[in-house]
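1. pasted the sequence and its predicted model underneath.
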Amino acid sequence: MNNDKIKDISILLAEDEEELREYLKEYLEIFFHRVYSANCGESAYDIYKQKSPDIILTDINMPSIDGLSLISKIREDDDKTKIIIMSAHSEPEKLLKAVELHLETYLIKPIKNDRLKKVLLNTVELIRQTHNRLYLSENIFWDKKTDTLWQTKEPIDIKDKEMKLVKLLCSNPNYTFSAEEIFDYIHKENKQFSQNAVTSLMKRLRVKLPEDIIQSVYGSGYKIVTI
């Protein structure tokens with residue numbers, strides 16, 4: 001893995017000890033572009049619902065909602081998010097209960113940086129092997145397995161030709177497709193090329209997406225930009 005920050009996978013840190021939380025947050029930001037942090041289980045759950053992080057790193061003991069209760073709430077309808085729990089040596093019973101909640105692993109405090117780094121990067125690779133997502137922004141992604149466009153947990157409602165256009169652009173991210181290539185892909189039947197048809201289709205799609213996800217390359221065509 002190169003030194004660039006991880007942009008396609010986000011992480012949520014839940015830790016009530018302020019000094020440790022700030023230290024871990026800074027450490028996580030070395031690797032991840034999107035790091036969220038919470039000082040209690042209740043706040044962590046709110047962030048989880050809003051941001052849908054791919055990884056959660058949580059302490060087992062926290063105020064308002066402890067780590068076990070937080071994981072239990074998440075696991076009620078989510079068995080995909082990867083969860084790593086942090087615990088003290090003196091909590092074997094809690095750890096056993098946590099393991100039953102489908103953890104990725106657990107880390108015993110004090111946590112060594114090299115151990116944490118190894119666990120995080122292994123988890124990232126596992127997610128990438130199972131995900132078929134191409135992220136176009138922090139919360140918008142193209143699902144390559146189902147050929148659908150999503151915003152967080154909701155599919156984006158786009159028409160058939162718009163979907164075909166996204167599929168083509170996502171087949172080769174950052175590559176500039178000419179208007180002719182786009183027209184031929186959308187209209188596989190023998191139709192006469194129409195620049196206006198491509199321009200109109202592009203305008204309709206862009207209205208439904210954040211600005212600058214689809215970029216115009218002067219004199220060449222269009223490309224989709226990933227994070």
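-> Perfect, thanks for sending it.

2. hey, let's count contacts and neighbours off CA atoms from now on
-> Fine.

3. specify the local secondary structure of the closest residue to residue 75 other than its chain neighbours.
-> Using CA to CA, 6 or more residues apart in numbering and skipping the chain neighbours, the partner closest in space to residue 75 is residue 101 (7.1 Å). Secondary structure, DSSP: H, G, I helix; E, B strand; the rest coil: residue 101 is coil.

4. surely residue 101 touches residue 76?
-> No - using CA atoms under 8 Å, residue 101 makes no contact with residue 76, being 9.9 Å away.

5. with neighbour numbers in mind, choose between those two.
-> Set residue 101 next to residue 76 and count neighbours by other CA atoms under 10 Å: residue 101 wins out with 17 against 9.

6. domain map for the chain?
-> Here the domain assignment for the chain is 11-131, 135-224, based on automatic domain parsing.

7. for residue 4, which of those is the nearest?
-> Residue 4 lies closest, by CA to CA, to one member of the domains of the chain: domain 11-131, at 7.5 Å.

8. end-to-end on that closest one?
-> Taking CA to CA, to the nearest Å, the first and last residues of domain 11-131 lie 15 Å apart.

9. now residue 86: which helix or strand?
-> Using DSSP states H and E, residue 86 falls within strand 82-87.

10. for that strand, packing partners?
-> Strand 82-87 is packed against strand 55-59, strand 105-108, with contacts defined by 3 or more CA pairs under 8 Å, 6 or more residues apart in numbering; DSSP states H and E.

11. who does the shortest one pair with, and is each partner parallel or antiparallel?
-> For strand 105-108, the paired strands and their directions (DSSP bridges) read strand 82-87 (parallel).

12. ok, how many other residues are close to residue 103?
-> 17.

13. need the nearest residue in space to it, chain neighbours excluded.
-> residue 83 (5.2 Å).

14. pLDDT of stretch 130-150, averaged?
-> When pLDDT is averaged over stretch 130-150, the result is 86.

15. and what of stretch 193-206?
-> 94.

16. quick one: distance of it to the chain centre.
-> Taking the mean of its C-alpha atoms, stretch 193-206 sits 29 Å from the chain's own mean (CA atoms, centre = their mean, to the nearest Å).

17. dump it to PDB, restricted to CA.
-> Output of stretch 193-206 as PDB, limited to C-alpha atoms (Å, rounded to 0.1, in the frame of the first residue of the first chain):
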ATOM      1  CA  PHE A 193     -24.500  10.500 -34.000                       C
ATOM      2  CA  SER A 194     -26.000  13.500 -32.200                       C
ATOM      3  CA  GLN A 195     -23.800  15.800 -30.100                       C
ATOM      4  CA  ASN A 196     -26.900  17.400 -28.800                       C
ATOM      5  CA  ALA A 197     -28.200  14.100 -27.500                       C
ATOM      6  CA  VAL A 198     -25.000  13.500 -25.500                       C
ATOM      7  CA  THR A 199     -25.000  17.100 -24.200                       C
ATOM      8  CA  SER A 200     -28.600  16.900 -23.000                       C
ATOM      9  CA  LEU A 201     -28.100  13.500 -21.400                       C
ATOM     10  CA  MET A 202     -25.000  14.900 -19.600                       C
ATOM     11  CA  LYS A 203     -26.900  17.900 -18.300                       C
ATOM     12  CA  ARG A 204     -29.700  15.700 -16.900                       C
ATOM     13  CA  LEU A 205     -27.300  13.500 -15.100                       C
ATOM     14  CA  ARG A 206     -25.200  16.300 -13.700                       C
END
